[in-house]
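Asks: I would like the atomic coordinates for the input below:
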Amino acid sequence: SDGRILQRDFGGHRYARLAHVGDRTGLEMIRTLQQNAVHKGIDVYMECTITRLLQSGDRVTGAMGYWRESGNTIVFAAKSVVLATGGVGKAFSVTSNSWEYTGDGHSLAYWAGAELIDMECVQFHPTGMVWPPSVRGILVTEGVRGDGGTLRNSDGERFMFNYIPEFFAAETADTIDEADGWYDDKVKNRRTPDLLPRDEVARAINSEVKAGRGSPHGGAFLDISSRRTPEYIRRRLPSMYHQFKQLADVDITSQAMEVGPTMHYIMGGIRVDADTTATTVPGLFAAGECAGGMHGANRLGGNSLSDLLVFGRRAGLGAAADAAQQNSGPEIDEDQVEEVVAKMREPFGRDGEGPYEVHSDLQEMMQKNVGIIRTETELDDAVNQLKDLKDRSKKVMVSGHQQYNPGWHLALDLESLVTVSEAIARAAYMRKESRGGHTRDDYPTPSEEWGNQNISISQGNDGEMEARITPLPEMPAELKVLFEEENDA
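Replies: Numbers count the residues shown, from 1 in each chain. Next up, the predicted model:
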């Protein structure tokens, strides 16, 4: 009402810096961008999936894909290509991601010769729906806790006070009175532990469930009904109110929600230049979740939207500048096109198992062996199981016609899903420490040595995946000054 931008508290934030539109900020951004795209006459190819990037020498010159409705193939020639394909959530059985998050952008870049980094750093959002099973994993916004919601176990205890790490102790309330007082007076009180960073809260809920103090369906209780009025909840959290009412028959203005960790975001992705978003492959750029390095080992809530706005613009400018430097049009190798088309059609001529069973086995294995808490034994087992899953994915069969055939679409997606799963498992096996979204039960603390190293993934000359340690790039001088000023303050 006073004309200022709405801002709210989110996990790990030291002040209310999350600019938002209710609890649907991302949706409003999408609507705004769509309207601008229509206004500017930009062509949008809906329901079109890219399966391979095309190259002339090392340079990317276009992309090959298909229309999901008809199954017909399509070739795009381009002087520069920007990947903005999102994450890898469908490699896990419990995820907040939608169906198209198959790691296709990561894999397209990898197959074209680009490097991936930080693939072991996977964020499990602490609050996803856990019941009923049909909606397990759907996101419950951090804004519920930012507006006063508290986490409780089956004993009714606000258990987050038992999980305050030493690193955050100085700025985190250690009593209920101080935590509750923080919502009204953030100067005199320290932040509630319910708003610790996502990895800390997810691990805490996981520990409570393992200790037998979880909710009836294997999560924790998130309660805002006893702390805010129904009018306040419906006004501040309209999407959450309708989501629980329609999907779980729970009225969050009078009942606690059951929530649990859900695979939400991957910090790892394609190695890019921070200024131009150029990858290590000429003509290829990447922005958003499919790009790596922006968020380190753990992303703070809300930063992905800021990432999209800043680096999406940089990607467009970088790709446009690169395209302007090309003196001739992109060359499309027809032999490459025919090879891709033939490979896409292969599942129709096979006699084997279907893609759904392979996908289900992959998801269950990743959730069990490469989930929130990892061990060397489980990761080693994951790498070995992925060899078998890779072989199975190459032999899946589909029946019917190419026209809107979801089985065929999944058969094609399996190659991406297995590729990113292998990258995550191999990198997680190599990083012998716990940091951000990567938690090793056998190496439970951060290591100073590992803190200066990235794990880079690339495809070898023999087509096999290679993982190696690379030094962390040095922080630019202008940023280092800001960190030094903050530490001195």
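
Asks: hang on, residue 3 in a helix?
Replies: No. Counting by DSSP: H, G, I helix; E, B strand; the rest coil, residue 3 is not part of a helix but coil.

Asks: who's in contact with it?
Replies: Neighbouring residues of residue 3 by Cβ atoms under 8 Å, 6 or more residues apart in numbering: there are none. Heads up, the C-betas are built off the backbone N, CA and C, glycines and all.

Asks: which residues in the stretch 51-200 of the chain form helices?
Replies: With helices called from DSSP state H, counting those that start in this stretch, the stretch 51-200 of the chain shows them at 104-111, 143-146, 176-182, 198-210.

Asks: the stretch 201-350 of the chain too?
Replies: Counting by DSSP H, counting those that start in this stretch, the helices of the stretch 201-350 of the chain are 230-236, 238-247, 303-324, 334-345.

Asks: possible to save those as TSV with mean pLDDT?
Replies: Listed next are the helices of the stretch 201-350 of the chain as TSV, based on pLDDT from 0 to 100:
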stretch	mean pLDDT
helix 230-236	94
helix 238-247	92
helix 303-324	95
helix 334-345	96
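
Asks: nearest to residue 75, out of the ones you listed?
Replies: Across these, residue 75 has its closest neighbour in helix 334-345 (5.9 Å, Cβ to Cβ).

Asks: show me what that closest one packs onto, helices and strands only.
Replies: Contact here means 3 or more Cβ pairs under 8 Å, 6 or more residues apart in numbering; DSSP states H and E; on that basis helix 334-345 packs against strand 48-56, strand 59-67, strand 73-77.

Asks: tell me how many other residues surround residue 249.
Replies: Using other Cβ atoms under 10 Å, residue 249 has 9 other residues around it.

Asks: residues touching residue 451, list them.
Replies: Neighbour list for residue 451: 433, 435, 472 [criterion: Cβ under 8 Å, 6+ apart].

Asks: which of the residues you listed has the largest number of neighbours?
Replies: Highest neighbour count within the contacts of residue 451: residue 435, with 21 neighbours (other Cβ under 10 Å).

Asks: what's the pLDDT at residue 111?
Replies: Here, the pLDDT recorded for residue 111 equals 98.

Asks: no, scratch that, I was asking about residue 487
Replies: Reading off the model, residue 487 has pLDDT 67.

Asks: for residue 120, give me its contacts.
Replies: The contact partners of residue 120, taken as Cβ under 8 Å, 6+ apart, are 268, 424, 427, 428, 430, 431, 438, 455.

Asks: any idea what the last one is bridged to?
Replies: According to DSSP bridges, the residues that bridge with residue 455 are residue 469.

Asks: count of neighbours near it?
Replies: The tally of other residues near residue 455 (other Cβ under 10 Å) stands at 24.

Asks: residue 430 is in contact with that one, correct?
Replies: Yes. Contact criterion Cβ atoms under 8 Å: residue 455 and residue 430 qualify, at 5.4 Å.

Asks: mutual contacts of those two, please.
Replies: 120, 467, 469.

Asks: please verify my assumption that the last one contacts residue 452.
Replies: No. Applying Cβ under 8 Å as the test, residue 469 and residue 452 come out as separate, 10.0 Å apart.

Asks: flag the shaky bits of this structure, pLDDT-wise.
Replies: The chain contains residues with pLDDT under 70 at 486-489.

Asks: again, only using 80
Replies: Low-confidence segments of the chain (pLDDT under 80): 1, 9, 11-12, 14, 22-23, 483-489.

Asks: for it, which helix is longest?
Replies: Across the chain, the longest stretch assigned as helix under DSSP state H is helix 406-430.

Asks: list the buried residues for that helix?
Replies: 407-430 (16 or more other Cβ atoms under 10 Å).

Asks: again with stretch 127-138
Replies: Per 16+ other Cβ under 10 Å, stretch 127-138 contains these buried residues: 127, 128, 129, 130, 131, 136, 137, 138.

Asks: quick revisit: of all the helices and strands packed on helix 334-345, which one is nearest residue 94?
Replies: strand 48-56 (24.3 Å).

Asks: and that closest one, what's buried?
Replies: For strand 48-56, by 16+ other Cβ under 10 Å, it's 49, 50, 51, 52, 53, 54, 55.

Asks: try stretch 321-339
Replies: Across stretch 321-339, burial judged by 16+ other Cβ under 10 Å covers 322, 330, 332, 336, 337.

Asks: ends of that stretch, what's the gap?
Replies: For stretch 321-339, the first-to-last residue distance is 31 Å (Cα to Cα, to the nearest Å).

Asks: if we can go back for a sec, and of the buried residues of stretch 127-138, the nearest to residue 232?
Replies: Nearest to residue 232 out of the buried residues of stretch 127-138 is residue 127 (Cβ to Cβ; 19.0 Å).

Asks: which residues touch that closest one?
Replies: Residue 127 neighbours (Cβ under 8 Å, 6+ apart): 139, 140, 141, 142, 144, 145, 201, 222, 257, 259, 260, 262.

Asks: against residue 410, how distant is the fifth one?
Replies: Applying Cβ to Cβ, to the nearest Å, one obtains 33 Å for the distance of residue 144 from residue 410.

Asks: now the third one
Replies: From residue 141 over to residue 410 the distance is 29 Å, taken as Cβ to Cβ.

Asks: keep only those of the buried residues of stretch 127-138 that are in strands.
Replies: In strands, defined here by DSSP state E, the members of the buried residues of stretch 127-138 are 127, 128, 129.

Asks: tell me the one among the residues you listed nearest to residue 365.
Replies: For these, the residue nearest residue 365 by Cβ to Cβ is residue 128; the value is 19.7 Å.

Asks: how about the contacts made by the closest one?
Replies: Counting by Cβ under 8 Å, 6+ apart, residue 128 touches 94, 96, 136, 137, 138, 139, 140, 259, 260, 261, 262, 264.

Asks: which residue packs closest to the last one, ignoring adjacent ones?
Replies: The reference is to residue 264. Leaving aside its sequence neighbours, residue 264 sits nearest to residue 125 (Cβ to Cβ, 6 or more residues apart in numbering; 3.6 Å).

Asks: partner residues bridging the one you found?
Replies: Bridge pairing for residue 125 - DSSP bridges - gives residue 262.

Asks: now for it: which residues touch it?
Replies: Going by Cβ under 8 Å, 6+ apart, residue 125 touches 96, 139, 142, 198, 202, 261, 262, 263, 264, 265.

Asks: what's around the second one, how many residues?
Replies: Summarising burial for residue 139: neighbours were counted as other Cβ under 10 Å, giving 18.

Asks: repeat for the fourth one
Replies: Close neighbours of residue 198, defined as other Cβ under 10 Å, add up to 26.

Asks: and if you look at the fifth one?
Replies: Neighbour count of residue 202, defined by other Cβ under 10 Å: 26.

Asks: with the first one instead?
Replies: Taking other Cβ under 10 Å as the neighbour definition, residue 96 ends up with a count of 21.

Asks: does it touch residue 259 like I think?
Replies: No. Assessed by Cβ under 8 Å, residue 96 is found out of contact with residue 259, at 11.3 Å.

Asks: coming back round to it: ok, the residue nearest to residue 264 to residue 426 distance?
Replies: Separation of residue 125 from residue 426 (Cβ to Cβ): 24 Å.

Asks: and for residue 448?
Replies: From residue 448 across to residue 426, the span is 23 Å (Cβ to Cβ).
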